Structures are given as C-alpha cells and as structure tokens.
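# sequence below, structure please.
(one chain, ligands or ions: 2)
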Amino acid sequence: MARASSPPNRRRRPKFADARGLFARLREALASGAASLPDIARLVAEELAGDASMIYVARAGEVLELAATYGLNVSAVGRTRLRVGEGIVGIVAASGDALNLADAQNHPRYVYRAEIGEDAMASMLAVPVKRAGRILGVLGVMSRQARVFAAVEAEAMATVAMLLAEILAAAGATDLPEEGFSGSLSRRYAGHVLSPGIARGRILAYGAAGPIARLLTDDPAAELTRLERAVETANSNLDGLIAASLPGGNAPRDVLEAYRMVAQSAGWMTQVRQAIGDGLTAETAVDKVARALRERMRRIADPYLRERLADIEDMIGRLMVALGGMAPKPERADGYLLLVRRLGPADLLDWHSRGIAGVAIEEASASGHAAILARALGIPALAVERGAVEAAREGDDALLDAEGATLILRPEREVLEVYERALAAHEVRAAALAAYRDVPAVTRDGTAICLMLNVGLALELDQMERTGADGIGLYRTEIAALAAGGIPDVAGQAAEYGRVLDRARGKRVQFRTLDLGADKVLPGEAIQTEENPAMGWRSLRVGLDRPAILRRQLRALLLGAQGRPLSIMFPMVATVEEFRAARDLLEAEAARIRPSPERLEAGTMIEVPSLLFQLPGLLAETDFISVGTNDLMQFLFAADRGTPELAARYDTLSAPVLEMLERLVMACNEAGVPLSLCGEAAGRPLDALAFAAIGVTTLSMSGNAILPVKALLVEADLDALRPVLRELRRAGAAGGSIREPLAAWAREHHLPV
Ligand code: PEP
Ligand code: MG
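Ligands and ions are numbered 1, 2, ... in the order given. The predicted model follows:
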C-alpha cells in the first residue's frame, strides 16, 4: 500500500490572512539550507490551509513529473507523469496560467491517477513555476473542502512558485531539462498590424520575467530604501530620455511627458511598498505587483485604460533595471525583433534608438501610444495573440510579418526561404517605388491625380520629403493631443500648427479640428457612458456645445499660419447649420487675428450620410469637401468600423458606395467645389484606381501608401477602365463587393495591385 508523506492534517487551520508567516518560514528554511522540495511542499500546504500539496517538475519531452508531495502518496513521486496539456497540472504548464478550482475532479480535463491518492481532495490551486519565460514545473495545493482559494493565497502561491523556480534552476542539469519546455517546433501567432512591414531577426524577449537572485528579506526598511533609490534612478533616466533631442519636433517629448505622469502615479507604488512590508525584496515586490497588473490588464477591454497600464509597466521595467533585477538593455539591438507583452512609448523610442528591426506586442491597440509611434517611426509592429511571449526563447529565429499579420517563431527552412524571397522582392519593390517619388501622378489617359498625406504627429512630416506628396489632405489635430495626454494651450497649439506649415513648404495643408470622443478620449475626461459613442456626443458636436475649446483651436490655427494660406475642415458635420455655426466661429476668430491668412478656407468632411441630402445648401457655403470614408462607410452600412467581424462584410468597392461617391463628385464639380477623399480606402491601390475612374482626383492617405498608389495610377488607363467598371457595378447592383473582378482586370492589364 502506498504510504502518505505525512499524516493528513485534520486539524482546522486558521484562515490564511497574509503571506508574512509563509515568507518568514521560507526564509528560515532557505537560510538553514533545508529548502528541499518536500519542505516547500509541506510549508505550502500548512501555511495555505491546504490538506495536500504537490510539486511537478518539467522533464525532457514536454512531460511533467511529480517531484514532491505533502499529504499524498510519496510512492507516486518520480512515477506519476503527465504530458503538457494533460490534466489540470498539464493545462497550467501549457497555458502558463494558474487554475483555481473548487471542484477539481469534475473539471472536464481532470485526469485520475490512482497512485497519487488524491481521491479525498476537492479543490485545487495550481500555479506555473516559471523562470525567464520557461515553465519549469507546476506547484499545487489541494483542500478536502470544496473552496476557491482566496486571492491573497493565490498571490502567495505565485511568489512561492518564483522561489521554487530558482531552487529548481539551481538544481542544475542533474535532474532537470536545461530550459524547461523549449518547444523547438515552429509556431505561428496571428495578430493585427500596428505598423506595416516585414522583418526577420532574432527574438529579444527583453523584460520577460528574468530570474531574481534574492526573493525574501528580513530587513524591509533596507529594501524600502533600495526601492526609493531605484525610483530616483529610473526617474532621472527618464528625464535623460525626455531631454535627449529627438528628431521631428515635440511630439515624442509630449508623449513621454504624458507617460511619465501616469507611470509615476501613486497607486501601484503603494502596493509595492506593502509587499516589501510582507517580507519580499524590492525586486520581488515590484515583480509581484507587475504580475497582478498583468492579470488586471487581461480583463480590461477599454483600449485607453490598457494603454495607461502599459505605461505603468514600462516604468516597472525601468525600476527593475535600476534594482539590478533585470539586465540593462543591450547597447545595440540591430537585427533583433522585440517580443513583449506590453510596450510603453518611452521604451519604443529607446529600442528604436538601439536599432530594433521590428516589434511584436501581445497586448496593444492600434490607437495606443506605441502603435502611433511605431507607425511614425516606420518600425514594423504587430499586436500578436497571447502565448507568443511564453513560447519564444531569447535568440530564436523569427519572422515578423506585419503585412500578413503573423509572427512565426523558429520558422521552418521552407517558410524562411519563401520569406527571404518575399523580403528580397519587398526591397526591390521599395527601391523601385522610391523611384516614383518625383514622377508626376498622371494616369495613362492624362488625368492628373493629387496625392496627399494623412498625418497625425509631427514625426510623420518626414513623409513629405520621402514620398514627394502634394501636401497634407488630413492633419488629425487630436492625435498630438491624445499622445500628449491633453490639449496644449493656444501658444502650444499655434507652435505645432506653425511647424506643420513650415514643413509643408507652401504645399496645401488641410487641418481638421479636434475629432475627440468615441474611441479618442483624453486622460481625465469623464468617459461618456453612451450606448453608441461613435454616434454620440463627439467631434464637432462637442466643439459647438463647448465653443471655448474650438475657438481656442481656431485661434491657434490662425496664429500658427502667420499670414500664410490656411485651410480648416470640420469633422462629423451632419447638417449645413452645424457647418455654418462652425464657420461663424472661425470667422469671428479670424476677424481678431493679424496678420490675416493670405487665403482662409473652411471645408467640411463628409462622414455623416445626412449631408449627402443637403448638397445644394452645403456646396453653396463650403470651400472644399473631404470625404472621410472610414466614418461614412460605418454610418452608411450601420457597421461599426472597429468590429473585426464586420471588416470584410461591406466594401468600398461596391455599387452603392461608388454610386454615392460618383454623385457627390458630380455635384461638387458642378458647384466648382474641390473634393478630396481621405479615408483608409484612399491608400488601397485598387480602391484608389476605382475612385480615380469615377472622378475623385485628390486622394489623401498615410505615408506608406503614397508610392504604391502612384505606381498603379501612372500605369492605369482610366478611359479603358470606365466601361468595365460600369459593367461591374451593374452586375454588382445587389451591393456585394466587386473587388475580385476589378483586381482580375487590373492584373490582366499588368497593373501592380
Ligand atoms: C474618416 O472617418 O474617414 C477619417 C478620415 O477620419 P478618422 O479616421 O480620423 O475618423
Ligand atoms: Mg472620421
């Protein structure tokens, strides 16, 4: 008969209050050299009011072996093995996430192993034992009573698991695989593109929980002093980063300063100090708070809040370096792909200066600070699905495909070859495209197309020279405000707008007034609880209801222009009346400011379908029109632009959209009002081709789209396309996409789509 490691403890133990007792006993055990695996198993069961505990360790071949237990049959030690993914323990090892189950045996994936003798146990809390991103084992505690272990207990277990990881690693190669579960097989992770491009390189998993040398302390006061010193160092490093002159104006500085405000907020530092008081060293305490933060982040859907937490984690990384708990960043990172859970803006700039080739972030949103900066800096970046950080090893070969939205770890030779060819073709194509910079955008039939830039940060102004764009068709003023964490004062805004005009060197710039609200919320602003924020109190609606903000911005634009021609457009206009009210505010400001702009134009964006039915009135009053297809499409089809499931359902290349645009173009031409189109669709070569064919001759797009669009347009014969397009629209009158047949026509005519 199997013998239990010690008599099951039937005495009712006091409820677990805090981790102090557990940490103190662990410290003693470590100091006396008695911290063997069975000792830790016993300590865990006793301190966490469990009836049994077990420690599984990783073995070669993705197997977990029972290495110690308390309260269960010791004869199973060394015998019971589970594959990764098998049973509760296997799931924890495979996912890297803890499981806290009141009724473990009824879990659908529970695996019964008679030899362990766990029949009487009801609940189980199992946590992964991780070190430097590798799973080295699983630590579990069980109780006869069906209960969910409390959050404080789960946190204490996570800390014990950190310690156990060090002990297992120190045990060396004698009985452990060198690196836990390595997973040498190739793995693919889907994602979404934050900033386009393809890069191949070695994985740099910087910041993935590195080993901590000393976990527990008996001198919290000394640890608190270490923490305060580290905070000072981290702050002064950040000051250095902010002070370092950065190219392209003040945008990065604004981003960094906004970030610092958040990163230094008091809440999480209080938690760190508390954990030190419980007996953890400063770096363990910081790490523990970081882990809790990650848990919270997983449950937060709001992209804005997630970004704020990312800022805090950026700061945590800096603290860990200052505490010596994390190696400083390598001097250079050329040819490396950064793979991280989160990335703050300061870190992204820092890595950029070290030459990073691409970035994959597990938790990032396209509207986040890091994404904005990655696009502005031209770094390929991908928001990658969870699991990649866990599965990657430092130095792994990897492919970051921020075109096809995939990260491939340890790619197979064949895949590498395909990508090598694609990369080579990419480079050839980039070089070929660069040659189009100074080629006039005139189609074969002689139609001149004006290609302009969509810009949101001063950093992106470099694209003017790189692409030879004809101007800026959309300057999104709210992006800099979002990045800076607030709307600058009039002088600050005027300076920004003045710089934009300087960089445009006399080319046309269409400034759009603040388009805040919906997904673009400034810090400190109460988040509106509207059922449909995209259709809610946003954009110009706020501007008209709170005219002080709009007037300040209009004043700043007039001041920034310093007499130069100025074009301003208003977003989300739904009625001619609204446009008139906005234009009246502009005129009132213009009457007060000298020098007056050489030419002052007030335009309107068409994003709300109601305007399409007020065209005579609108065209009599507006100086120009800019079609925002991103919003217009969502309101036309009643399809949220941010919902991925709807992304492919309705197409700009469809009869109803082309019909609407063509009528609009005709009305504008008749009224002599210039029209441009600045939604994302303008930057897709095939869409741009169709728009040009129906008479849209000014297209505004992001910097990386200008040359591919131009390369297509200069080869296209719009006269030849028109009858084909007419036929496709007729055949697609039921509203579906005509993209495929149009692409086929383009390919037949050797157009680079
Ligand atoms: C649009 O809606 O098409 C547009 C250009 O504005 P934004 O994408 O900034 O809403
Ligand atoms: Mg819009």
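# residue 59: neighbour count?
Using other CB atoms under 10 Å, residue 59 has 17 other residues around it. (C-beta placed from N, C-alpha, C; glycine too.)
# please apply the same query to residue 492.
Count around residue 492 with other CB under 10 Å applied: 17.
# go on, residue 414?
8.
# and residue 350, by the same measure?
Other residues close to residue 350 by other CB under 10 Å number 20.
# so it sits in a helix?
Yes - if the criterion is DSSP: H, G, I helix; E, B strand; the rest coil, then residue 350 is within a helix.
# quick one: it and ligand 2, what's the gap?
Going from residue 350 to ligand 2 by CB to the ion, to the nearest Å gives 32 Å.
# quick check, that residue in contact with residue 331.
No - in terms of CB atoms under 8 Å, residue 350 does not count as a neighbour of residue 331; the distance is 11.7 Å.
# now do the strands in the stretch 101-250 of the chain.
Taking DSSP state E, counting those that start in this stretch as the criterion, the stretch 101-250 of the chain carries its strands at 123-131, 134-143, 187-195, 197-204.
# the first one - what's its average pLDDT?
So that's strand 123-131. Mean per-residue pLDDT for strand 123-131: 90.
# how much space between residue 236 and ligand 1?
Plainly put, residue 236 is 37 Å away from ligand 1 if you go by CB to the nearest ligand atom, to the nearest Å.
# need the contact list for that residue.
Taking CB atoms under 8 Å, 6 or more residues apart in numbering as the definition of contact, residue 236 has no neighbours.
# now the helices for the stretch 51-200 of the chain?
With DSSP state H, counting those that start in this stretch as the criterion, the stretch 51-200 of the chain has helices at 87-95, 151-170.
# so where's the stretch 551-700 of the chain shaky on pLDDT?
Counting by pLDDT under 70, the ranges of the stretch 551-700 of the chain that qualify are 642, 644.
# got the residues of it near ligand 2?
Applying CB under 5 Å from the ion, we find that the stretch 551-700 of the chain lies next to ligand 2 at 607, 628, 631.
# filter these by proximity to ligand 1?
Contacts with ligand 1 within these, as defined by CB under 6 Å from any ligand atom: 607, 628, 631.
# dump the residue contacts of the last one.
By CB under 8 Å, 6+ apart, the residues touching residue 631 are 534, 571-572, 607-608, 641, 679.
# buried set for the helix or strand harbouring it?
Secondary structure from DSSP states H and E places residue 631 in helix 629-636. By 16 or more other CB atoms under 10 Å, the buried positions in helix 629-636 come out as 629, 631-636.
# of all those, which two lie farthest apart?
Greatest spatial distance among those (CB to CB): 629 and 635, at 10.6 Å.
# sorry, back to before: now render the contacts of residue 631 as JSON lines, adding neighbour count.
Below are those laid out as JSON lines (neighbours: other CB atoms under 10 Å):
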{"residue": "534", "neighbour count": "17"}
{"residue": "571", "neighbour count": "26"}
{"residue": "572", "neighbour count": "24"}
{"residue": "607", "neighbour count": "25"}
{"residue": "608", "neighbour count": "22"}
{"residue": "641", "neighbour count": "19"}
{"residue": "679", "neighbour count": "25"}
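# on that earlier part again, downstream of the helix holding residue 631, the next helix or strand is which one?
Following helix 629-636 in sequence order, the next helix or strand is helix 655-671 (DSSP H and E).
# which helices and strands sit right next to the helix or strand following that next one?
Next helix or strand after helix 655-671 toward the C-terminus (DSSP H and E): strand 675-677. Secondary-structure packing of strand 675-677 (3 or more CB pairs under 8 Å, 6 or more residues apart in numbering; DSSP states H and E): strand 624-627, helix 655-671, strand 698-701.
# and residue 647, which of those is closest to it?
With CB to CB as the criterion, residue 647 lies closest to helix 655-671 of the helices and strands packed on strand 675-677, at 14.9 Å.
# worst-scoring helix or strand of this structure, pLDDT-wise?
helix 251-263 (a mean of 52; mean pLDDT, DSSP states H and E).
# tell me the buried residues in the helix or strand that that helix is followed by?
Following helix 251-263 in sequence order, the next helix or strand is helix 266-277 (DSSP H and E). Buried positions in helix 266-277, judged by neighbour count with 16+ other CB under 10 Å: 268-269, 271-273, 275-276.
# would you reformat these as CSV and include pLDDT and distance to residue 738?
Compiled in CSV, these are given as follows (pLDDT from 0 to 100; distance: CB to CB, whole Å):
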residue, pLDDT, distance to residue 738
268, 73, 52
269, 81, 57
271, 84, 56
272, 88, 58
273, 89, 62
275, 88, 60
276, 91, 64
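# quick check, nearest of those to residue 566?
residue 268 (44.6 Å).
# just put the buried residues of helix 629-636 in TSV and tack on distance to residue 472.
Converted to TSV, the buried residues of helix 629-636 look like this (distance: CB to CB, whole Å):
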residue	distance to residue 472
629	18
631	19
632	20
633	22
634	24
635	25
636	26
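# quick one: which of those residues is nearest residue 646?
Nearest to residue 646 among those: residue 634, at 8.7 Å, using CB to CB.
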